[in-house]
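# need a structure here:
(one chain, ligands or ions: 1)
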Amino acid sequence: MSSTPALELQGLTKTYGGKLTALSDVNLSIRPGEIFALLGPNGAGKTTLIGSVCGLVKKTSGKIILFGKDLDEDPVRPRYEVGLVPQEINFDPFFSVAESLYIQQGYYGQHRDEARVKEVLTALNLQNKADSLTRALSGGMKRRLLIAKALVHKPKLVFLDEPTAGVDVELRRDLWTYVRKLASEGTTIVLTTHYLEEAEELADRVGVINEGRLLLVEDKKALLRRLGEKRLVVTFTDAVTTLPESTRQMGAALSADGRTLTYAEREGCAPAGEVLRALYTQGLPVNNVETRHSRLEDILIDILRGKPAAALAS
Ligand SMILES: Nc1ncnc2c1ncn2[C@@H]1O[C@H](COP(=O)(O)OP(=O)(O)OP(=O)(O)O)[C@@H](O)[C@H]1O
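Take a look at the predicted model:
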């Protein structure tokens, strides 16, 4: 696979009305074929970033390089390689589903390609709706059509801006399967989502943006390992007065009533099993043991709160 980044942002900055800085000096390189999740709270700048790449927002400064081509030098042709699934449903209600896809092919400088339209409709389970007016589709079908529109011209880079907002669990699962298939065929995917489960499920890498600044870019699994923890909670049948010295040294803590031990196993710490072994060796009255792994959601909250442990990776 080519090593040229699918997308490179260099010092990308966007100021609205000379006052509000929606993007501040964003530097980012998206690898070809990866699924990259761009995460951040409302108003962080995600849609502005996507809009700048897709030509919907005029950047204030910085460079946008698509597949090695600087958009300042050619703002049109490199964008033919890009597809966008926007947050909001935006099609003309008076065209049929198939017509809206032919129009889309035209926008991207392509000839009407009926076979491709059929293929995309089938992939998104809309084959029976080709002749329906778009306004007659259900909400979930409209979402599918938005995705079909973004893909009908075979883009090499696809932005999915909140693709599953308001869709049911089944459609969400279908879309995840489809996104994975696209990525396995070499399409680069940039995803924004407030469903962190979605990012955890799909993403190869994660970027966190807040107030227009990119705070972190990291491999998802490495991030979960680095900042995640396994939390062990042990309850005792009778109150315990002190914990074994070895478990205290490992960092286990006893609740004030002596009935609960908690231990956070992080990268480089003793495994939770060692704490348990010490408790059993000392004959402490263990009643129940629970463990819970951190999710991306816990980590994102720590990063956004500026928790020191959530030190930024390069
Ligand atoms: N056309 C505009 N004019 C003025 N300000 C804007 C405009 N579009 C966005 N903004 C502001 O820019 C900032 C970033 O907005 P943006 O839509 O990029 O955030 P987001 O991360 O996509 O948020 P969300 O998760 O809510 O969709 C916000 O403060 C927003 O109010």
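# hey, let's count contacts and neighbours off CA atoms from now on
Will do.
# where does this structure dip in pLDDT?
Low-confidence segments of the chain, defined by pLDDT under 70: 1-2, 307-314.
# and the longest helix seen in it, what does it pack against?
Longest helix in the chain by number of residues (criterion: DSSP state H): helix 169-184. Counting contacts by 3 or more CA pairs under 8 Å, 6 or more residues apart in numbering; DSSP states H and E, helix 169-184 packs against helix 196-202.
# ok, now which ones touch the closest residue in space to Thr188 that isn't next to it in sequence?
Among residues not flanking Thr188 along the chain, Gly33 sits closest, at 4.2 Å (CA to CA, 6 or more residues apart in numbering). Neighbour list for Gly33: Ala183, Ser184, Glu185, Gly186, Thr187, Thr188, Ile189 [criterion: CA atoms under 8 Å, 6 or more residues apart in numbering].
# hmm, stretch 165-177 touching the ligand?
No: Stretch 165-177 is not in contact with the ligand by CA under 6 Å from any ligand atom; minimum separation 10.7 Å.
# ok, and for that stretch, which residues are buried?
Judged by neighbour count (16 or more other CA atoms under 10 Å), stretch 165-177 contains these buried residues: Leu171, Arg172, Leu175, Trp176.
# ok, the second one touching Thr164?
Yes: under the criterion of CA atoms under 8 Å, Arg172 lies in contact with Thr164, with a separation of 5.9 Å.
# can you give me the end-to-end span of stretch 270-290?
With CA to CA, to the nearest Å as the measure, stretch 270-290 spans 17 Å from end to end.
# do stretch 286-304 as well
For stretch 286-304, the first-to-last residue distance is 36 Å (CA to CA).
# again with stretch 218-238
Counting by CA to CA, you get 44 Å between the two ends of stretch 218-238.
# I would like the residues contacting it, please.
By CA under 8 Å, 6+ apart, stretch 218-238 touches 200, 203-207, 258-267, 272, 284-296, 299, 309-310, 313-314.
# those residues, buried ones only, as a PyMOL selection?
Buried members of the contacts of stretch 218-238, defined by 16+ other CA under 10 Å, are picked up in PyMOL with:
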select buried, resi 200+203+204+205+206+207+258+259+260+261+262+263+264+265+266+272+284+285+286+295+296+299+310
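# tell me if I'm right that Leu39 and Arg205 touch.
No: using CA under 8 Å, Leu39 is not in contact with Arg205; the gap is 10.7 Å.
# Leu121 against Ile147, yeah?
No: the criterion here is CA under 8 Å, and Leu121 misses it with Ile147 at 9.8 Å.
# what's the overlap in contacts for the two?
Common neighbours of Leu121 and Ile147 are not found (criterion: CA under 8 Å, 6+ apart).
# what's the burial count for Glu229?
A count of neighbours around Glu229, defined by other CA atoms under 10 Å, yields 20.
# distance of it relative to Gln110?
For Glu229, the distance to Gln110 (CA to CA) stands at 50 Å.
# check Lys149 too.
Taking CA to CA, one finds Lys149 at 13 Å from Gln110.
# more neighbours, those two?
Ranked by neighbour count (other CA under 10 Å), Lys149 and Gln110 place Lys149 first, with 26 against 14.
# can you list phi and psi of that one for me?
phi -60, psi -40 (degrees, to the nearest 10).
# correct me, but it touches Leu101?
Yes: using CA under 8 Å, Lys149 is in contact with Leu101, at 5.8 Å.
# which residues in the protein form helices?
According to DSSP H, the helices that the chain contains are 46-54, 97-107, 114-123, 139-151, 169-184, 196-202, 220-227, 245-250, 272-281, 296-304.
# around the ligand, which positions in the protein sit nearby?
Counting by CA under 6 Å from any ligand atom, the residues of the chain that sit close to the ligand are Tyr16, Ala22, Pro41, Asn42, Gly43, Ala44, Gly45, Lys46, Thr47, Thr48.
# which residue is the nearest non-sequential neighbour of Ala270?
Leaving aside its sequence neighbours, Ala270 sits nearest to Met250 (CA to CA, 6+ apart; 6.6 Å).
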